[in-house]
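Fold the following, please.
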Amino acid sequence: MFAKGTSRFGGIWKECLGLVVLSSGLSAVREYCSSSLTLVFRHKLTKHIQDLYFQDMNYYHIANAPGRKCACAAQPSPAQPSPQGAAFAVCTGCPSRPF
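A predicted model of the protein is given here:
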């Protein structure tokens, strides 16, 4: 009685199972691509906005911050003597790293 459509049922079952596996794989790839594109877009947008913001601005660079090595910071500049001593000398420019 039930043996009539068993071969057809098995074929449909295999086809549905294959579609489930394929759709889950495609969904994972779509999510990965979407998140990667979102991250790239945010990075480019942030860089563009920062470039526009700092376009015509003056800003200062701290050359002798704690933990940062500067080749000329050990020698105080004669034009700008430092009251704290040679360790806090004003950096007038490093030949190895332009500021």
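
This structure: helices as residue ranges?
Along the chain, counting by DSSP state H, helices occupy 6-53.

Looking at the record's assignment, how would you partition it?
As given by automatic domain parsing, the domain ranges for the chain are 1-59, 60-94.

Between the ones you listed, which has the poorest mean confidence score?
Mean pLDDT values for the domains of the chain show the minimum at domain 60-94, a mean of 55.

can you give me phi and psi for Phe54?
phi -90, psi 10 (degrees, to the nearest 10).

Could you measure from it over to Leu45?
15 Å (C-beta to C-beta, to the nearest Å). Bear in mind the C-beta positions are built from the backbone N, C-alpha and C, glycine included.

same question, Leu19
When distance is defined by C-beta to C-beta, Leu19 is 38 Å away from Leu45.

What of Leu22?
Following C-beta to C-beta, the distance that separates Leu22 from Leu45 is 34 Å.

what's the answer for Glu15, then?
Taking C-beta to C-beta, one finds Glu15 at 44 Å from Leu45.

neighbours around Ser7, how many?
Using other C-beta atoms under 10 Å, Ser7 is surrounded by 9 other residues.

Start at 883, not 1
Renumbered: residue one is now 883, and that last one reads Ser889.

and it, what does it touch?
Counting by C-beta atoms under 8 Å, 6 or more residues apart in numbering, Ser889 touches no other residue.

ok, it to Asp933 distance?
Note on Ser889: its distance to Asp933, by C-beta to C-beta, is 66 Å.

next one: Cys915
Distance from Cys915 to Asp933, by C-beta to C-beta: 27 Å.

Check Phe891 too.
Phe891 is 63 Å from Asp933, by C-beta to C-beta.

ok, now Arg924?
In this view, Arg924 and Asp933 are 15 Å apart by C-beta to C-beta.
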